[in-house]
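Colleague: My questions are about this predicted structure, shown below with the sequence.
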Amino acid sequence: KSSDLQGYAPICLGLEDFYIRRLYLRIQDCFGRPISSAPDAWFDVVERYSNDNNKTLKRTTNVSRCLNLGSYNYLGFAAADEYCTPRVIESLKKFSPSTCSTRVDGGTTSLHNELEECVAKFVRKPAAIVFGMGYVTNSAILPVLIGKGGLIISDSLNHNSIVNGARGSGATIRVFQHNTPAHLEKVLREQIAEGQPRIHRPWKKIIVVVEGIYSMEGELCKLPEIVEVCKKYKAYVYLDEAHSIGAIGKSGRGVCELLGVDTADVDIMMGTFTKSFGSCGGYIAGSKELIRFLRYTCPAHMYGTSISPPAAQQIISSLKVILGEDGSKRGAQKLASIRDNSNFFRSELQKMGFEVLGDNDSPIMPIMLYNPAKIPAFSRECLKHNVAVVTVAFPATPLLLARARICISAAHTREDLLKALEVISKVGDMVGIKYMPVEPKKL
Ligand code: PMP
């Protein structure tokens, strides 16, 4: 509707102006602030908007119950759970909300040790170390692993926590084209040859950093090919599984399990607990030597407060459910649901003519809007029908590659998904984003 787009002409604006305008868009339209204490497939959304063309920020507030298509609650563990929640409450009574200490100064409880053992076993690595925040896991670990004289080769679409960790390390950084093993090989060959003829290998160490599922693209990492290239050039592989661990693979063990990669070929396995496990924090898993080295050298481990005990208990309990160690089949059911839900939703969107990024089995499915001016109309119309979607644009994506990023959960019922598809289809027609017309079936 032209009235929805009034005042938004970002392509005509300078970048700075656009950025400021984007902030306004965020205030007005990105609205998603869950206020319910237990977010499930449905949550309460606080809408704030002004309708006087940004001259003043007059806001009205309206709370509505919406279908949540934007959270990383992949397995539904962020809601009250019959197995996890009572155990989390018990741990709160026994250990309190915070250890108020670092891991080395009394902030290590039996839960912390148990969690590290459970994580190592789950990701099939000899040892693991956990941190209170996923973002910090990347940004604090990379500078410990590598420094001046080392080379980081990073996928062009890696998460900001990786970018910041790489910058903070002091190592030389090169970027390879997103998920393109052939380009990674080209960069490696160039970098190794640079020291010729006297030094065959000019770098002290080379680390290649990739993600299991790319969060803005919904795409699976081409891990088997990347591992092969790294083996050939003797580079270490660092894999961020924030979005893939727990969410994909037959038993939820992530992209290695799904694509048949031996975890022994991935030197540093990183992941977060904020998505599939409904908790917070992050981990690094690897060889016993690597983890011992991190325990004695990583400032975030030595000087930062340890992960909150109830959060640790939530992760341990959800892992038990995923592995079926709670004595039920709920874990397997959740894994089957997220896979079925994701593949169903993706194929239905494609049948409708939307351009959807990402691979089968991935619970993240960006619907391309392209023009950022379509964001307000798309998100506002969906919200009017109680469907909350997250829209992303510059600077998180290139300027003209705006998109609505749908995240599917095992907690969505088929009924929820059918309702969402009906709404998105109508809004898609209205906003004009069915770019891939569906071929009419031949009679
Ligand atoms: N890595 C990736 C790939 C991410 O997408 C995110 C955040 N979504 C993080 C790390 C940071 O994790 P957290 O939100 O748990 O701090």
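Modeller: That came through fine. Residues are numbered from 1 along each chain as shown.
Colleague: in the protein, what spans have low per-residue confidence?
Modeller: Low-confidence segments of the chain (pLDDT under 70): 1-40, 44-63, 194-200, 440-441, 443.
Colleague: got the residues of it near the ligand?
Modeller: 133-135, 138, 159, 161, 211, 215, 240, 242-243, 272, 274, 282 (Cβ under 6 Å from any ligand atom). C-beta coordinates here come from the backbone N, C-alpha and C atoms, glycine included.
Colleague: And the residue nearest the centre of this structure?
Modeller: By Cα atoms, centre = their mean, the chain has its centre lying nearest to His243, at 4.1 Å.
Colleague: Thought Ser215 was touching that residue, still the case?
Modeller: Yes: applying Cβ atoms under 8 Å, one finds His243 in contact with Ser215, separated by 5.4 Å.
Colleague: gap between Ser347 and Lys442?
Modeller: Counting by Cβ to Cβ, to the nearest Å, the gap between Ser347 and Lys442 amounts to 19 Å.
Colleague: Looking at those two, which has the bigger crowd around it?
Modeller: Using other Cβ atoms under 10 Å as the criterion, Ser347 and Lys442 rank with Ser347 on top: 12 against 4.
Colleague: Need the nearest residue in space to the residue in the chain that the ligand sits nearest to, chain neighbours excluded.
Modeller: In the chain, the residue found nearest to the ligand is Gly134; the distance is 2.4 Å by Cβ to the nearest ligand atom. Of all residues not flanking Gly134 in the chain, Thr272 sits nearest, at 3.0 Å (Cβ to Cβ, 6 or more residues apart in numbering).
Colleague: what about stretch 365-379, distance to the chain center?
Modeller: Centre-to-centre, stretch 365-379 and its host chain are 20 Å apart (Cα atoms, centre = their mean, to the nearest Å).
Colleague: Just the ones of the residues of the chain next to the ligand in strands?
Modeller: Counting by DSSP state E, these place 211, 240, 272, 282 in strands.
Colleague: Quick check, the residue nearest to Gly134 in contact with Val136.
Modeller: No: if you go by Cβ under 8 Å, Thr272 and Val136 don't touch, sitting 10.2 Å apart.
Colleague: which residues are common contacts for the two?
Modeller: Gly282 (Cβ atoms under 8 Å, 6 or more residues apart in numbering).
Colleague: Keeping just the C-alphas, turn the helix or strand harbouring Ile322 into CSV.
Modeller: Using DSSP states H and E, Ile322 maps to helix 309-323. C-alpha atoms of helix 309-323 as CSV (Å, rounded to 0.1, in the frame of the first residue of the first chain):
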residue,chain,number,x,y,z
PRO,A,309,24.0,-22.7,37.2
PRO,A,310,20.2,-22.8,36.2
ALA,A,311,21.3,-22.0,32.6
ALA,A,312,23.8,-24.9,32.8
GLN,A,313,21.1,-27.2,34.2
GLN,A,314,18.7,-26.3,31.3
ILE,A,315,21.4,-27.3,28.8
ILE,A,316,22.1,-30.6,30.5
SER,A,317,18.4,-31.4,30.8
SER,A,318,17.6,-30.5,27.2
LEU,A,319,20.6,-32.6,26.0
LYS,A,320,19.2,-35.5,28.0
VAL,A,321,15.9,-35.1,26.3
ILE,A,322,17.5,-34.9,22.8
LEU,A,323,19.5,-38.0,23.5
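Colleague: Check the offset of that helix from the chain's centre.
Modeller: Put simply, helix 309-323 sits 19 Å off its chain's centre (Cα atoms, centre = their mean).
Colleague: list the helices and strands the following helix or strand past it packs on?
Modeller: Remark: after helix 309-323, the chain's next helix or strand is helix 330-352, criterion DSSP H and E. Counting contacts by 3 or more Cβ pairs under 8 Å, 6 or more residues apart in numbering; DSSP states H and E, helix 330-352 packs against helix 309-323, strand 364-370, helix 414-431.
Colleague: name the helices or strands packed onto the helix holding Ile322?
Modeller: Using 3+ Cβ pairs under 8 Å, 6+ apart, the elements in contact with helix 309-323 are helix 84-95, helix 110-123, helix 330-352.
Colleague: thinking again about what came up before, need the helices and strands packed on helix 330-352 in CSV (columns: mean neighbour count).
Modeller: As requested, the helices and strands packed on helix 330-352 are arranged in CSV below (neighbours: other Cβ atoms under 10 Å):
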stretch, mean neighbour count
helix 309-323, 24
strand 364-370, 23
helix 414-431, 17
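Colleague: would TSV of these with distance to Glu90 be doable?
Modeller: Converted to TSV, those look like this (distance: least, Cβ to Cβ, whole Å):
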stretch	distance to Glu90
helix 309-323	8
strand 364-370	34
helix 414-431	32
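Colleague: Check the offset of stretch 92-108 from the chain's centre.
Modeller: On Cα atoms, centre = their mean, the centre of stretch 92-108 falls 27 Å from that of its chain.
Colleague: how long is that stretch end to end?
Modeller: 15 Å (Cα to Cα, to the nearest Å).
Colleague: neighbouring contacts of it?
Modeller: So stretch 92-108 is contacted by 109, 111-112, 295, 301-306, 308-310 (Cβ under 8 Å, 6+ apart).
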